[in-house]
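> Give me coordinates for this.
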Amino acid sequence: MSSMILSMAALAGLSAGELPPSQIFETREALEKGETCVAIVEQSLARIAEQGGSDGINAVTLVPREQALAEAAAIDQRLGDGEEMRPLECVTLGVKDNIDVAGQPTTAGSIALAGNIAPADAPVVARLRSDGAIVVARTNMAEWAFSPRHTISSIAGETVNPYDPALVPAGSSGGSAAGEAAGLFAISLGTDTGNSIRGPSAHNALVGLRSSIGLVPIDGIVPLLAQVDVVGPMVTSVRDAAIMLDTLTASPGTYTDDLGSSDLAGITVAVVPSSLTGTPTHPEIAKLFERAQQDLKSAGANIVELDVAAIRSVLEDLSPCFSFRADVRKYFQSRGGIFANYDPLFAYQSGLYSKEFEAPFKFFLDSESIAECPAYQQDKARQTARSAIEAMMTRLGADFIAYPTWSSPPASRKRWNEDYAGDNSQVLVPPTGLPAITVPMGFLGSGAPGGIQFVGRFEQEKALLDVAFAYEQLTLHRESPELTP
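Numbers count the residues shown, from 1 in each chain. Reported below is the predicted structural model:
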């Protein structure tokens, strides 16, 4: 691997204690000061060329250079003609490789899908582009989104963590996270079935939002389990997440109006004192989480405890519903063309996949006992579980639930499978459909990031973004302390 990635200083200048500002605002300010959109896009493309490929962090699978520059020139023309700036004008965008971008291959990380050319943008991409964003990169992912642990694909290989190339970036949206953290693009899109937005965001000191199930359309996205899949922002600030959610939901101002006007005084947060996964919380993560609670208290929030056993008692009767094969076939059938009858079984039978994922590939194919899982709106068991969790919050007087996004540090790339532990994102949120956001809460002694996750009530993203923004402001310019186990 190139010496380019031996340190963060050589990569992107990221270090513990630094949290980047709003990339969307920075782009707007640059345009207002007279910089051209073409120049902004060229800078992004240069960073991608220098750091994004196989001799860098290997976060990018495809760069639509000519199209990106053409769109940038068109923006310069429209702004030169005096047209008003759109919310995402000239904001560079990295799109996970399971999300359709018109005219580009959507591979889901699989070499078997290298010829799967998207006939149209997924609705989320169309909305972002309509508001001015420019796709400058497709980002690497764990093949077929199979792994929360690491990001390896047969289409591009292994993505590394830009804070420490010896560590995993988590999965499956590791390319979006690593590329965003390294500054290859201003904003990025990921998908989340169990962990895949929030885990990589926490591993890369980003803000990652998984919205309430059904709030953002998932059409035009290669599914893992459509019943729980969500698409959303992976960005450097809560403000950028709110701006993107306005666009992704086609509801201007809904999540950005008055953002930052609320404080933490009088808010009650129910913290989960032990790991949701049942594995012990790493001492350094525990120390960061204790400090986060003190920060919340100092800002006027009330802290109560929510026992993990109470959460598990609500979720214990929920059985996973596996419809991977049927969901993928439906995705292809809706598109038509040469892949209209494609079945992921073909990729498995042909051996066209990363051997690291043979076991999960076989598991998802063998678990095909149900042709179609009920949509969330018709799933009484999941809605009952959600109501029970919200009732539990009400009894405690809690506005939000909080816990470490992962209760273990990022694993070594050499032991990404063996040392998988502490993935709290999988337990509560996907089964219930509740919204959750991870925000950086500091850095370990090694310099690796850790994240805190806030869970809100169903379709209350505005309140969730408000509390995340308020917490973020408490920690924005604080240097990371020396932490020891």
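> Please, where are all the helices along the stretch 101-250 of the chain?
Under the criterion DSSP state H, counting those that start in this stretch, the stretch 101-250 of the chain contains helices at 123-130, 174-181, 198-203, 238-248.
> distance of the residue nearest the centre of the chain from Ser211?
Nearest to the mean C-alpha position of the chain, counting by C-alpha atoms, centre = their mean, stands Ile197 at 2.3 Å. Ile197 is 10 Å from Ser211, where distance means C-beta to C-beta, to the nearest Å. All C-beta spots, glycine's among them, are computed from the backbone N, C-alpha and C.
> any shared contact partners between these two?
230, 232 (C-beta atoms under 8 Å, 6 or more residues apart in numbering).
> for Ala170, what are its contacts?
With C-beta under 8 Å, 6+ apart, Ala170 has these contacts: 148-151, 177, 195, 199-200, 202-204, 406, 410.
> do you know how far it is from Ala120?
For Ala170, the distance to Ala120 equals 30 Å [C-beta to C-beta].
> Which parts of whichever strand or helix holds Thr394 count as buried, going by neighbours?
In this assignment (DSSP states H and E), Thr394 forms part of helix 380-396. Buried residues in helix 380-396, counted by 16 or more other C-beta atoms under 10 Å: 382-383, 385-386, 388-390, 392-393, 396.
> do the same with stretch 318-329
So for stretch 318-329, counting by 16+ other C-beta under 10 Å, buried means 321-329.
> Return the alpha-carbon coordinates of that stretch using PDB.
Below are the C-alpha coordinates for stretch 318-329, written out as PDB (Å, rounded to 0.1, in the frame of the first residue of the first chain):
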ATOM      1  CA  LEU A 318     -39.400  -9.900  17.200                       C
ATOM      2  CA  SER A 319     -38.100 -12.400  14.600                       C
ATOM      3  CA  PRO A 320     -36.000 -11.100  11.700                       C
ATOM      4  CA  CYS A 321     -37.700 -11.400   8.300                       C
ATOM      5  CA  PHE A 322     -35.200 -12.300   5.500                       C
ATOM      6  CA  SER A 323     -36.300 -11.500   2.000                       C
ATOM      7  CA  PHE A 324     -33.000 -10.600   0.400                       C
ATOM      8  CA  ARG A 325     -33.300 -12.700  -2.700                       C
ATOM      9  CA  ALA A 326     -37.000 -11.700  -3.400                       C
ATOM     10  CA  ASP A 327     -36.200  -8.000  -2.700                       C
ATOM     11  CA  VAL A 328     -33.200  -7.900  -5.100                       C
ATOM     12  CA  ARG A 329     -35.200  -9.700  -7.800                       C
END
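> What lies in contact with that stretch?
Under C-beta under 8 Å, 6+ apart, the answer for stretch 318-329 is 222-227, 341-345, 364-365, 367-374, 381-382, 385, 431.
> Recalculate using a threshold of 6 Å.
223, 226-227, 343-344, 364, 367-368, 370-373, 381, 385, 431 (C-beta atoms under 6 Å, 6 or more residues apart in numbering).
> ditto for stretch 399-407
By C-beta under 6 Å, 6+ apart, the surrounding residues in contact with stretch 399-407 are 198, 202, 267-272, 275, 281, 285, 289, 422-424, 438, 451, 453-456, 467.
> where exactly do the strands run in the stretch 201-350 of the chain?
207-210, 230-235, 268-271, 302-305 (DSSP state E, counting those that start in this stretch).
> do the stretch 1-150 of the chain as well
Using DSSP E, counting those that start in this stretch, strands in the stretch 1-150 of the chain cover 60-62, 92-96, 134-139.
> Sweet, I'm off.
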